[in-house]
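Novice: Mind folding the following:
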Amino acid sequence: MQPQAPIEPEGTFAGLRGGAILFGAFVDIAATVIASTLLLWWLAPDAISPDEAKTREVLARLYASTAYLIGNLVLGALCTVLGAFAGARRAGQLHVRHGGWIAVASTMIGTLLSLLERVPAGDPAAVIPFWAEALAWLLILPAGVTGGALAKALHRPSRF
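Specialist: The predicted structure is shown next:
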């Protein structure tokens, strides 16, 4: 009797498609930027002001708002689900694994982009509470895996 072949490839990166992962990460980041901007405009239209002091004050009040932070977390998680779904669907195989790696890739790219952003030190508008940061980091991988699982559930095999 011969041993059965594994269901998935044994290597960590075996079977993954880099282009699909980058596509999913792009969809995630683009959707997150658009959704976060729309949320900002909806909740604080005064944030778009030529007066920089007023803008900082409005942003500081907004970041202190639990409703904004929770809304932003939910939007970020949904955008990660969307990006993972799009990338895993494009990969066409190992959907859940692709979804997880898309979440990791978009997190790495997003972190690099945020490090390049110029924010003055000690700016009260840039301070996000620890609980919101921690919850965002905890939601990233489950959101990516969920997007991959959705792509797998809605996957239609090729007819040819």
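
Novice: Send over the lowest-mean-pLDDT helix or strand in the chain as CSV, restricted to the C-alpha atoms.
Specialist: Lowest by mean pLDDT, DSSP states H and E among the helices and strands of the chain is helix 52-63, with a mean of 82. Provided in CSV are the C-alpha atoms of helix 52-63 (Å, rounded to 0.1, in the frame of the first residue of the first chain):
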residue,chain,number,x,y,z
GLU,A,52,-4.0,73.4,9.0
ALA,A,53,-4.7,74.0,12.7
LYS,A,54,-8.4,73.4,12.2
THR,A,55,-7.7,70.2,10.3
ARG,A,56,-5.5,68.9,13.1
GLU,A,57,-8.1,69.7,15.7
VAL,A,58,-10.9,67.9,13.7
LEU,A,59,-8.7,64.9,13.1
ALA,A,60,-7.7,64.7,16.8
ARG,A,61,-11.4,64.7,17.8
LEU,A,62,-12.1,62.1,15.1
TYR,A,63,-9.4,59.8,16.3
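
Novice: Go through that helix and flag the buried ones.
Specialist: 55-59, 62-63 (16 or more other CB atoms under 10 Å). For the C-beta atoms, the positions are set from N, CA and C on the backbone; glycine is no exception.

Novice: Need the nearest residue in space to residue 35, chain neighbours excluded.
Specialist: Closest residue in space to residue 35, ignoring its immediate chain neighbours: residue 75 at 4.5 Å, by CB to CB, 6 or more residues apart in numbering.
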